[in-house]
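Trainee: Dropping a prediction and its sequence here:
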Amino acid sequence: MCAALIGGMDRLKRNYMNEAKRNGVTLKCFTGKERKISVSLGKVDFVVLFTNKVSHKAKNDLLAALRGSDVPVIMRHSCGISTLRKCLDEVAP
């Protein structure tokens, strides 16, 4: 299973990836500073969006790219490891 994480903190990127790996998920991390996230997103099974650490433009770009697909987007305001863990428990088998 492959997922994308949009937002979050740069210093927690390694922790995000380790937590996803423990749950059997390959995680692509985008901290929100990338210009066009939708171009490098690729094929993912679901997206976790931390809304407090990403710009409105990046959020709208992502949602426009996913419009018409069956990819679920989980939006959370908090950007901690425990929040990611809860999101992975919701979606991952």
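Mentor: On my side now, so go ahead.

Trainee: Name the helix or strand of the protein that has the lowest mean pLDDT.
Mentor: Across the helices and strands of the chain, mean pLDDT, DSSP states H and E gives its lowest value to helix 37-40, namely a mean of 78.

Trainee: And it, what's buried?
Mentor: I37 (16 or more other C-beta atoms under 10 Å). For the C-beta atoms, the positions are set from N, CA and C on the backbone; glycine is no exception.

Trainee: and if you look at stretch 42-50?
Mentor: Neighbour-count burial for stretch 42-50 flags 44, 46-50 (criterion: 16+ other C-beta under 10 Å).

Trainee: So which of those are in strands?
Mentor: Residues of the buried residues of stretch 42-50 located in strands (DSSP state E): 46-50.

Trainee: closest to R67 among these?
Mentor: Lowest distance from R67 to those (C-beta to C-beta) belongs to V47, with 12.3 Å.

Trainee: so that closest one touches L62, yeah?
Mentor: Yes: V47 is within contact range of L62, at 7.0 Å (criterion: C-beta atoms under 8 Å).

Trainee: Compute the inter-axis angle for the helix or strand harbouring A58 and strand 46-50.
Mentor: If you go by DSSP states H and E, A58 is part of helix 56-66. Orientation of helix 56-66 against strand 46-50 (axes from the mean of the first three to the mean of the last three C-alpha atoms, to 10 degrees) gives an angle of 170 degrees.

Trainee: Can you list the helices and strands that helix 56-66 packs against?
Mentor: Applying 3 or more C-beta pairs under 8 Å, 6 or more residues apart in numbering; DSSP states H and E, one finds that helix 56-66 contacts strand 2-6, helix 37-40, strand 46-50, strand 73-76.
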